[in-house]
Every structure is written in C-alpha cells, then in structure tokens.
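J.: fold the following, please.
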Amino acid sequence: MKPILFSEQQRSALAGLGLVPQSIDEIERDALPRAREILKLDPPGADVLHELQGLEKSLNDARAAIERLLNANRTVPHLWHARSRVCGRGFGHVGNALRLKETAKSLAVAIDVVKDSIASTPPGPVRHRAATTLPIQIIHSAYQLGLMLAGLDPASGGMKPSVSPTSDFRRMVGICYEAIDASTTDPERAIKAYLRKWRELEKVAAEAGSGQNVLEEPDVLS
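T.: Sure, this is the predicted structure:
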C-alpha cells in the first residue's frame, strides 16, 4: 500500500510528543494505510442490495429470453424463425440448441447464488468501525518498531498506552486518525479496549519475566 504522509504540522506535533523520526516514518509507511483500510465504512446495505437485485433481474431476463426462444413454435412466426436461425439451419447450428439449454441451466444456478447473497445482505445503514482496536494496535506497533530501528528499547522507554485525554498516546492516535480522515479523531472506546488488552499483556510479560510489551501480529484485537 502507498504510504500516507503526515502534514508538516502533524509531523511537528508528533515530534513534540517525543516520537523519533523512525517511528513517524514507520507509521506513515505501514500503519496509516492499513488503519485507513480497516476504518473504512461499509457501504449502505440498500446500495449493495440494489446491485445484487439488478444482477438477479438481468440473469432472470437472460434465462427467460433463452427459454422463450427454445420453446418457440409456428404459432409465433417471427420467434419460430428466430429459433430456426439460431438452432436449426445448417450443420453448424445443430449443437446450438444444446448449448443454449446448458446456458439456461447455468443461469439458473447463478440466479440461486445471487438469491442466497441477497438473503444474507443486511439492509441496514452504514456500519461504523471506529470502536475497533486493530488500528490502535497497528499504530502502536509501528511506533515501537521505529524505536527499535533508532536503537532504543520500547520495553523500557517511550510512551505507554493511556486513555487519559491529556496523554501523549491518545494525542498520537488522534493525530494518526486525523491524517487518515477517520470518522473520529478521538476513538476513546477503542483506546480503552486496547488498554485493557495491553494491561493483560503486561501482566503476562511481568509474570514471565520477559519485560517485552510488544503486541505482535497477528494478535488481532476486536
């Protein structure tokens, strides 16, 4: 994915929070593009249903047109002659009726697939993802990787996850969310949920005596 660059003002604000250039670069290169994809809004269910229903109608129309042609008789002269031209005139047309019958069967299968998709599509409004913790994890991991690239130990230095409105961590996340045009620049619920996971990890690390606090992927937080 293409990096998403901070504005000069945003980059300066992050540096003011103590972020080393390597952390800022890693967030731009990896965290922001991935976070933006995660935080994208699902399209309205009605729009999705409209597309699927349009496809179903087109498939039904095509199947009906084929069957109408195959079932033609002399009582409808123009349809009968159309059938004859497609299916019954000359050696090269002998297999055409069979091909059309197989196509109609395939369309029937496709129609059933689309119907299943329609039945499983919720018609409701846009689903917001602002409460997911995964973007927070990705941003924090990129921040910590930058510290390591700078020769620093993320386990013994740097900012810690915090939900405090005045914390550097929450301000860093807010700047990142602003850079990707997220629906909110202060995802308090997501930070709280991430903090709970982080504290659990710190407890496990302390008990193991490792002192390592990095949430490694693919530990996906919901």
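J.: got the CA positions of the lowest-mean-pLDDT helix or strand in the chain in CSV?
T.: Using mean pLDDT, DSSP states H and E, helix 188-208 stands out as the lowest-scoring helix or strand of the chain, at a mean of 84. C-alpha atoms of helix 188-208 as CSV (Å, rounded to 0.1, in the frame of the first residue of the first chain):
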residue,chain,number,x,y,z
GLU,A,188,-11.9,6.8,23.2
ARG,A,189,-13.7,3.4,23.2
ALA,A,190,-11.1,1.8,21.0
ILE,A,191,-8.3,3.1,23.1
LYS,A,192,-9.9,1.9,26.3
ALA,A,193,-10.4,-1.6,24.8
TYR,A,194,-6.8,-1.6,23.6
LEU,A,195,-5.6,-0.5,27.0
ARG,A,196,-7.3,-3.5,28.6
LYS,A,197,-5.6,-5.9,26.3
TRP,A,198,-2.3,-4.1,26.8
ARG,A,199,-2.5,-4.4,30.6
GLU,A,200,-3.3,-8.1,30.3
LEU,A,201,-0.2,-8.5,28.1
GLU,A,202,1.9,-6.5,30.6
LYS,A,203,0.8,-8.8,33.4
VAL,A,204,1.7,-11.9,31.4
ALA,A,205,5.1,-10.4,30.4
ALA,A,206,5.8,-9.5,34.0
GLU,A,207,4.9,-13.0,35.2
ALA,A,208,7.1,-14.5,32.6
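J.: hmm, L100 is touching C87, no?
T.: Yes. If you go by CB atoms under 8 Å, L100 and C87 touch, sitting 7.0 Å apart. C-beta here means a position set from N, CA and C on the backbone, and glycine is covered the same way.
J.: related to what we said a few turns ago, show me what the least confident helix or strand of the chain is packed against.
T.: helix 134-149, helix 168-179 (3 or more CB pairs under 8 Å, 6 or more residues apart in numbering; DSSP states H and E).
J.: please name the residues that touch A142.
T.: 23, 26-27, 29-31 (CB atoms under 8 Å, 6 or more residues apart in numbering).
J.: I175: which of the residues you listed is nearest?
T.: For the contacts of A142, the minimum distance to I175 (CB to CB) is 9.4 Å, reached by I27.
J.: any idea how far that closest one is from R36?
T.: 12 Å (CB to CB, to the nearest Å).
J.: so between those two, which is more surrounded?
T.: I27 (28 against 18; other CB atoms under 10 Å).
J.: hmm, the more buried one is touching Y143, no?
T.: Yes. Using CB under 8 Å, I27 makes contact with Y143 at a distance of 6.4 Å.
J.: Y143 and P33: what is the separation?
T.: Using CB to CB, Y143 is found at 15 Å from P33.
J.: looking at those two, which is more packed in?
T.: Neighbours per residue (other CB under 10 Å) separate Y143 from P33, with Y143 holding more: 25 against 16.
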